[in-house]
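**Student:** Give me coordinates for this.
(one chain, ligands or ions: 1)
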Amino acid sequence: MDDAHQDVIEALARVKAEIARAEKDHGRKAGSVTLVAVSKTMPATRIRSALVAGQRVFGENRVQEGQEKWPGLRAEFPGIELHLIGPLQTNKVKEAVALFDVIETLDREKLAKEIAKEIARAGRAPKLYVQVNTGAEPQKAGILPGETDDFIRLCRESHGLIVSGLMCIPPAEEPPSPHFALLGEIARRNGIAVLSMGMSADYDPAIQLGATHVRVGSAIFGARH
Ligand SMILES: *Cc1c(COP(=O)(O)O)cnc(C)c1O
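**Tutor:** Numbering: from 1, shown residues only. Alright, predicted model coming up:
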């Protein structure tokens with residue numbers, strides 16, 4: 001039996017209303033923030049409920065999990081846009097370029113080189129965001145803030161890549177707003193219009209500071225186990 005997952009449908013409506021309210025509160029244009037529904041660890045049946053409710057933009061953090069769940073859902077629902085929001089290993093670039101519409105985690109030259117090679121080979125070019133480790137946390141992926149301008153230039157000039165966005169995950173134990181502001185500054189001086197920042201706990205301040213994409217998981221799908 002196919003469960004209706006009423007909780008997902010209601011939570012999704014709530015988050016969309018909250019985003020619309022945040023746009024209004026913070027003087028952002030209505031509809032200027034895209035909700036990326038983060039469906040990692042969630043089974044296809046729960047994701048299907050969000051699709052039936054009209055959601056089309058989703059985020060997954062693992063290539064293999066994406067390959068298991070999304071080809072089937074794509075066959076059922078038109079217009080899906082799938083974002084990779086987790087670290088990408090160079091040996092998974094081929095699969096990632098084939099599956100994802102946006103790769104949000106470009107953060108090192110070797111990866112830039114492999115992605116450029118695969119785009120040329122496959123003739124399919126996902127949008128690319130550079131992940132910035134705004135808190136300079138040693139355990140976290142992303143390019144350091146002080147190295148980001150050079151890295152973006154390298155991606156563009158040496159590898160012919162189009163860098164269309166920046167992404168960050170602020171340190172869990174710090175107020176997120178300074179990190180969102182920093183990402184916005186780096187984007188401005190590099191001519192980048194897309195800012196992927198803000199998750200379930202902090203998408204309101206992210207929208208205040210210019211997020212164009214918020215990545216929201218648990219507030220829609222519930223806690224992950
Ligand atoms: C899991 C994840 C999210 C969503 O987190 P929630 O707190 O569940 O909203 C957003 N971005 C990234 C990179 C993630 O890995």
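**Student:** what does this protein have sitting close to the ligand?
**Tutor:** Residues of the chain found near the ligand (C-beta under 6 Å from any ligand atom) are 38, 40, 61, 85-86, 169, 199-201, 215-219. Using the backbone N, CA and C atoms, a C-beta is placed for each residue, glycine as well.
**Student:** one more time with 5 Å, if that's ok
**Tutor:** Contacts of the chain with the ligand, taken as C-beta under 5 Å from any ligand atom, map to 38, 61, 85, 199-200, 215-218.
**Student:** Would you double-check that L51 falls in a strand?
**Tutor:** No: L51: not assigned to a strand; according to DSSP: H, G, I helix; E, B strand; the rest coil it is helix.
**Student:** Can you report how many residues neighbour it?
**Tutor:** 19 (other C-beta atoms under 10 Å).
**Student:** so it makes contact with G72?
**Tutor:** No: using C-beta atoms under 8 Å, L51 is not in contact with G72, being 11.3 Å away.
**Student:** List the buried residues in stretch 214-225.
**Tutor:** 214-217, 219-221 (16 or more other C-beta atoms under 10 Å).
**Student:** Residues contacting that stretch, please?
**Tutor:** Contact with stretch 214-225 is made by 7-8, 11-12, 14-15, 19, 33-42, 46, 50, 59, 83, 85, 196-200, 203, 206-207, as judged by C-beta atoms under 8 Å, 6 or more residues apart in numbering.
**Student:** Pull the distance from that stretch to the chain's centre.
**Tutor:** 13 Å (C-alpha atoms, centre = their mean, to the nearest Å).
**Student:** cool, and stretch 18-28?
**Tutor:** Taking C-alpha atoms, centre = their mean, the mean C-alpha location of stretch 18-28 is offset from the chain mean by 20 Å.
**Student:** then it to CSV, C-alphas only?
**Tutor:** The C-alpha trace of stretch 18-28 is given here as CSV (Å, rounded to 0.1, in the frame of the first residue of the first chain):
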residue,chain,number,x,y,z
GLU,A,18,7.9,30.2,6.1
ILE,A,19,10.1,30.9,3.1
ALA,A,20,7.5,33.2,1.6
ARG,A,21,7.1,35.0,4.9
ALA,A,22,10.9,35.3,5.2
GLU,A,23,11.1,36.8,1.7
LYS,A,24,8.5,39.3,2.6
ASP,A,25,10.0,40.2,6.1
HIS,A,26,13.5,40.7,4.6
GLY,A,27,12.5,42.7,1.6
ARG,A,28,13.4,39.8,-0.8
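**Student:** Just read off the phi/psi values of the closest residue to V52 other than its chain neighbours.
**Tutor:** Spatial nearest neighbour of V52, excluding adjacent residues (C-beta to C-beta, 6 or more residues apart in numbering): I9 at 7.7 Å. Main-chain dihedrals, I9, degrees, to the nearest 10: phi -60, psi -40.
**Student:** For the protein, give me the ranges with low pLDDT.
**Tutor:** 1-3 (pLDDT under 70).
**Student:** That one: helices as residue ranges?
**Tutor:** Using DSSP state H, the helices of the chain run over 6-25, 44-52, 63-76, 93-99, 109-122, 145-157, 177-189, 203-208, 218-221.
**Student:** can you list those helices in CSV and add distance to Y129?
**Tutor:** Formatted as CSV, the helices of the chain follow (distance: least, C-beta to C-beta, whole Å):
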stretch, distance to Y129
helix 6-25, 19
helix 44-52, 22
helix 63-76, 16
helix 93-99, 13
helix 109-122, 12
helix 145-157, 11
helix 177-189, 10
helix 203-208, 14
helix 218-221, 21
